[in-house]
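Sharing a model prediction with you, sequence too.
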Amino acid sequence: SVPGPCEPEDLIDGIIFAANYLGSTQLLSERNPSKNIRMMQAQEAVSRVKRMQKAAKIKKKANSEGDAQTLTEVDLFISTQRIKVLNADTQETMMDHALRTISYIADIGNIVVLMARRRMPRSASQDCIETTPGAQEGKKQYKMICHVFESEDAQLIAQSIGQAFSVAYQEFLRANGINPEDLSQKEYSDIINTQEMYNDDLIHFSNSENCKELQLEKHKGEILGVVVVESGWGSILPTVILANMMNGGPAARSGKLSIGDQIMSINGTSLVGLPLATCQGIIKGLKNQTQVRLNIVSCPPVTTVLIKRPDLKYQLGFSVQNGIICSLMRGGIAERGGVRVGHRIIEINGQSVVATAHEKIVQALSNSVGEV
């Protein structure tokens, strides 16, 4: 079973949380902002919605007597397929998003922000949408729809959505394939729909020998001694990666963990789909415990990926800085070839690029066609 607050079978069928819908707003954002910028975007969305609420309340009070009701009671439906928002009274669908189109979930106190990316229409230049914090001029901007809710179960809702990603991933493995319809960009759909998924990483994740449950011993008051980073927007499994271990710390002393391992859950709490800050908070909360149970997927230090690029007109769909993949287009040629955020390129078509200048790596990739 998948660790988390819900039964996996319930998430397949769908579960419902009661919440108040506060409002929605749209932001312009880069395709792959950092988690810090995403949190800034979530906070900006909350601020905008609260400003709109305040304005609506003042207007309503000016036009009528009595209290102005600006909250809408809703049922938040979460499943491995989609997230829907239903009017609690009429059960009419107010919003409906496929789970894999959700780019970020933030719980800020009793507030939940659900963020989904939309394709930018051709007439976007005429749209009057404010630019989000962190967006840079000159870079292509994408429209992000942000829904803001209020609930006493805000953290539980965020954890349940994270668990839904994990359960969906297991179902995806059982099906031995992936439907990219909701993920791929229009210009990529033709080539991707006829292209095989390079399945080394799928085989790796589905191999039970690579999925381990570890028990770590530590002293009370001692930190676990790990540094984790986000697996990235393009990662096949949205969780955190072990980036470093403190010398002499409990994690290093155990000898059971390796840099690059993906942490699935801690003490039964799924980390899949959760914001990096939330995962870091869970790890910090282990300080007063003497035993820690981890579910991890051991990842190899070196992996070979195969990108099929029939023509130069098809973008590879990733960006590289100092030999490291720093961003990746979801559903693109590179992702389907096995490229992941954080990968360091050491060879291209059999030629070592370890000591190669950044410009030459970019040039080699830009001019490559066929199987790369």
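Happy to help now that I have it. All figures in this text were calculated on a predicted structure; none of them were measured in a lab. Numbers count the residues shown, from 1 in each chain.

residues of stretch 141-160 that come out buried?
Residues of stretch 141-160 classed as buried: 141-149, 151, 153-160 (neighbour count, 16 or more other CB atoms under 10 Å). Using the backbone N, CA and C atoms, a C-beta is placed for each residue, glycine as well.

Restricted to strands, list the residues you listed.
Secondary structure assignment by DSSP state E places 142-149 of the buried residues of stretch 141-160 in strands.

Nearest to Val320, out of the residues you listed: which one, please.
Distance to Val320, by CB to CB, is smallest for Tyr142 among those, at 20.5 Å.

who's the closest one bridged to?
For Tyr142, the beta-bridge partners are Ser29 (DSSP bridges).

from what I can see it touches Pro33, true?
No. Tyr142 is beyond contact range of Pro33, at 9.8 Å (criterion: CB atoms under 8 Å).

Could you save the ones in strands among the buried residues of stretch 141-160 as JSON lines and add columns showing distance to Lys54 and pLDDT?
Output for these, formatted as JSON lines (distance: CB to CB, whole Å; pLDDT from 0 to 100):
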{"residue": "Tyr142", "distance to Lys54": "28", "pLDDT": "73"}
{"residue": "Lys143", "distance to Lys54": "25", "pLDDT": "80"}
{"residue": "Met144", "distance to Lys54": "23", "pLDDT": "81"}
{"residue": "Ile145", "distance to Lys54": "21", "pLDDT": "87"}
{"residue": "Cys146", "distance to Lys54": "18", "pLDDT": "91"}
{"residue": "His147", "distance to Lys54": "18", "pLDDT": "92"}
{"residue": "Val148", "distance to Lys54": "14", "pLDDT": "92"}
{"residue": "Phe149", "distance to Lys54": "17", "pLDDT": "94"}
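
Output those residues in a markdown table, with distance to Ile348 appended to each entry.
What follows is these, written out as a markdown table (distance: CB to CB, whole Å):
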| residue | distance to Ile348 |
| --- | --- |
| Tyr142 | 29 |
| Lys143 | 34 |
| Met144 | 34 |
| Ile145 | 38 |
| Cys146 | 39 |
| His147 | 42 |
| Val148 | 44 |
| Phe149 | 46 |
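
farthest-separated two in those residues?
Using CB to CB, the two most remote members of these are Tyr142 and Phe149, lying 22.6 Å apart.

Sketch out the helices for this structure, chain order is fine.
With helices called from DSSP state H, the chain shows them at 8-13, 35-63, 154-174, 189-193, 200-206, 250-254, 276-284, 333-337, 358-366.

highest average neighbour count across those?
Of all the helices of the chain, helix 333-337 carries the top mean neighbour count, a mean of 25, counting by mean count of other CB atoms under 10 Å.

Check what pLDDT the closest residue to Phe165 other than its chain neighbours gets.
Excluding the flanking residues, the one nearest Phe165 by CB to CB, 6 or more residues apart in numbering is Gly273, at 3.8 Å. Looking at Gly273, its pLDDT reads 73.

tally of neighbours for Gly273?
For Gly273, the neighbour count with other CB atoms under 10 Å is 25.

how about it, phi and psi?
Backbone torsions for Gly273, taken as degrees, to the nearest 10, come to phi 80, psi 0.

Run a quick check on Asp89 versus Glu73, I expect a contact.
Yes. With contact defined as CB under 8 Å, Asp89 and Glu73 form a contacting pair (7.1 Å).
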